[in-house]
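> What shape does this take:
(chains A, B, C and D)
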Protein chains: 2
Amino acid sequence: MSILPRLSFKNQAFKLRENAILDAATAVLSQKGYDLMTMDDVAGAVGISKPSLYKHFKSKEELVGEALIRLLDGALDYVAAIDPALSPVEKLSALLEWALRVRLDGGLPFLPSTSPHVRDMLIRNVKYMLRVMKLNRQLEALVKQAQQQGQLNRDLPTDVILFSYYARTCDPAVEYLQKYSKMEADDIVRHMLKVSFEGFR
Amino acid sequence: MSILPRLSFKNQAFKLRENAILDAATAVLSQKGYDLMTMDDVAGAVGISKPSLYKHFKSKEELVGEALIRLLDGALDYVAAIDPALSPVEKLSALLEWALRVRLDGGLPFLPSTSPHVRDMLIRNVKYMLRVMKLNRQLEALVKQAQQQGQLNRDLPTDVILFSYYARTCDPAVEYLQKYSKMEADDIVRHMLKVSFEGFR
DNA sequence: AACAAAAGCTACTGATTAGTAGCGGAAATT
DNA sequence: AATTTCCGCTACTAATCAGTAGCTTTTGTT
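Below is the predicted model of the structure:
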């Protein structure tokens, strides 16, 4: 009874800083990408030194893995909290909107398909893959339901829709609209959703 | 009259090898990305040594720049050769199909929006930017024409369509369909075009 | 107040890789 | 055949960065 509070207090501070590190890593990652992100960058952004960083995460790969796991957990939480009364398409639309807003808010794209190095690293990460598979299962089910109901194109293979859906969460058009067209976040989201579901026509 | 043939012969061989280097760089780039591509990789793929590489290109940045310039020239040539009788949308569709096929064939995505480092490097590359701007001008005109004719959605800002169009040329869904769904190139292209223009519905 | 523990930092190591110096050998010239 | 030129290569340098050793300071205990 006398030791527990101390430990939990320390642990609390520890967890707090861990979150700050993940926030910083997320910010640096989204700005510079994996290869150009240095551990000094992250440490600097948090205001601690590199060895302190390694007290929390034993490697760069682990740090990035945890940041992406946190992101996926956010997505899974979001999906779990969606109004079950919504139709499959509405659910898919809501999640895509969430993902786009996370990105516009300085977060990360879902699918770091960019570098093969990163992809390989993540495939080896069981904790990450578990979540990817869970999310994928749920989204695949939604797409299939929507296709059965005729709300999504039945002529397209489910995979095509599903992979394209993932791709929209990391669509570079978002950055280009933000950077070159100086468009408001809300407008970007609205237009990206429209283009995703309805196409260019 | 006695010196010219010798020089031109040498130059010919030089140009030939230059192309082989660009081919190798393109292959390595599309496989590993900019940051993980080493000059030794490229030299090894061509079958020459690194210093020989530097006889042709004075830096990694220049090499990659030239590879991407060659790609853009291919796109510009393709656009110039499109049947002028086609409608704007048909032209856009044809170019997107060409770009997707280039990628499926081991080529590069158009828009290396991946790494901010690469993007910055290219923005500083006048020769590259000239081509980007030329291509952009032509494609913007096509999109606007198509919108005026009601063949593309008039409610969407031209930028949204244009940037989304660029994004489709480097859509990661292509690799995922190839890798995980083991889909034929022709089918991938067909479906990607469908999704791009018509959306998921 | 003296001491113990641990948290954080500076300053390092080792590995990687862009870019280069300078040598050795082939080809062209005399 | 002797000589020069130039091409390509091996072997290096310098810089960057992940990861660590070990010291210093701070915090908590007796």
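> The lowest-mean-pLDDT helix or strand in chain A: which residues count as buried?
Comparing helices and strands within chain A by mean pLDDT, DSSP states H and E singles out helix A:4-36 as the least confident, with a mean of 79. Using 16 or more other Cβ atoms under 10 Å in any protein chain shown as the test for burial, helix A:4-36 gives A:17, A:21-30, A:33-35. Just so you know, the C-beta spots here come from the backbone N, C-alpha and C atoms, and that holds for glycine as well.
> same thing with stretch A:119-136?
Using 16+ other Cβ under 10 Å as the test for burial, stretch A:119-136 gives A:119, A:121, A:122, A:125, A:128, A:131, A:132, A:135.
> Let me know the closest of those to residue A:94.
residue A:135 (14.2 Å; Cβ to Cβ).
> list the contacts for that closest one?
When contacts are counted by Cβ atoms under 8 Å, 6 or more residues apart in numbering or on different chains, residue A:135 is found next to A:72, A:75, A:76, A:79.
> neighbours of the second one, just the number please.
Using other Cβ atoms under 10 Å in any protein chain shown, residue A:75 has 21 neighbouring residues.
> ok now do it, which residues does it touch?
Contacts for residue A:75 (Cβ under 8 Å, 6+ apart) come out as A:95, A:98, A:99, A:110, A:135.
> Just the mean pLDDT for the helix or strand harbouring it, thanks.
Per DSSP states H and E: residue A:75 is located in helix A:60-81. Averaging pLDDT along helix A:60-81 yields 96.
> what's the angle from the very next helix or strand once past it to helix A:60-81?
Later in the chain than helix A:60-81, the nearest helix or strand by DSSP H and E is helix A:88-104. Calculated by axes from the mean of the first three to the mean of the last three Cα atoms, to 10 degrees, helix A:88-104 forms an angle of 140 degrees with helix A:60-81.
> list the helices and strands the helix or strand just after helix A:88-104 packs on?
Once helix A:88-104 ends, the next helix or strand along the chain (criterion: DSSP H and E) is helix A:116-123. Helices and strands touching helix A:116-123, as assessed by 3 or more Cβ pairs under 8 Å, 6 or more residues apart in numbering or on different chains; DSSP states H and E, comprise helix A:4-36, helix A:60-81, helix A:126-148, helix B:4-32.
> Helix A:116-123 near DNA strand C anywhere?
No: using Cβ under 7 Å from any atom of the strand, helix A:116-123 stays clear of DNA strand C, with a minimum separation of 9.7 Å.
> which ones are touching residue A:100?
A:168, A:169, A:174, A:188, A:189, A:192, A:193.
> Distance check, the last one against residue B:171.
Looking back up the chat, that one is residue A:193. Per Cβ to Cβ, to the nearest Å, residue A:193 is found 17 Å from residue B:171.
> Neighbour count: those two, which is higher?
More crowded of residue A:193 and residue B:171, by other Cβ under 10 Å: residue B:171, with 26 against 18.
> Find the nearest non-adjacent residue to the more buried one, please.
Leaving out its chain neighbours, the residue that sits closest to residue B:171 by Cβ to Cβ, 6 or more residues apart in numbering or on different chains is residue A:167, at 5.0 Å.
> One more: residue A:14?
Excluding the flanking residues, the one nearest residue A:14 by Cβ to Cβ, 6+ apart is residue A:56, at 7.8 Å.
> Hmm, residue A:21 and the one you found touching each other?
Yes: look at residue A:56 against residue A:21 with Cβ atoms under 8 Å: they come within range, at 5.8 Å.
> one step back: out of the contacts of residue A:135, who's the most crowded?
The residue in these with the most neighbours, by other Cβ under 10 Å, is residue A:75 (21 neighbours).
> For residue A:35, see how far away it is.
To residue A:35, residue A:75 is 24 Å away according to Cβ to Cβ.
> Look at residue A:120 and report its pLDDT.
87.
> now the helix holding residue A:75, how far from the chain's geometric center?
6 Å (Cα atoms, centre = their mean, to the nearest Å).
> tell me which element residue A:162 is part of?
helix A:158-169.
> Outside of whatever helix or strand comes next after that helix itself, list whatever touches it.
Next helix or strand after helix A:158-169 toward the C-terminus (DSSP H and E): helix A:173-180. Contacts of helix A:173-180 with the rest of the structure, by Cβ under 8 Å, 6+ apart, involve A:100, A:103-104, A:183, A:185, A:188, A:191-192, A:195, B:113, B:159-160, B:163-164, B:166-167.
> and what of stretch A:139-158?
Applying Cβ under 8 Å, 6+ apart, the external contacts of stretch A:139-158 come out as A:87-89, A:91-92, A:95, A:161-162, A:165, B:181, B:183, B:191, B:194-195, B:198, B:200-201.
> ok, 7 Å please
Under the criterion Cβ atoms under 7 Å, 6 or more residues apart in numbering or on different chains, residues A:87-89, A:91-92, A:161-162, A:165, B:191, B:194-195, B:200-201 lie in contact with stretch A:139-158.
> Likewise for stretch A:51-60?
For stretch A:51-60, contacts defined as Cβ under 7 Å, 6+ apart pick out A:18, A:21, A:39, A:42, A:43, A:63, A:66.
> quick check, distance from stretch A:53-68 to the centre of its chain.
With Cα atoms, centre = their mean, you get 16 Å for stretch A:53-68.
> Ok, stretch A:26-34 next?
With Cα atoms, centre = their mean, you get 12 Å for stretch A:26-34.
> and if you look at stretch A:174-184?
Counting by Cα atoms, centre = their mean, stretch A:174-184 comes out at 20 Å from the chain centroid.
> per-residue confidence averaged over that stretch?
93.
> Quick one: name the residues of chain A near DNA strand C.
So chain A meets DNA strand C at A:10, A:17, A:47, A:48, A:49, A:50, A:51, A:52, A:55 (Cβ under 7 Å from any atom of the strand).
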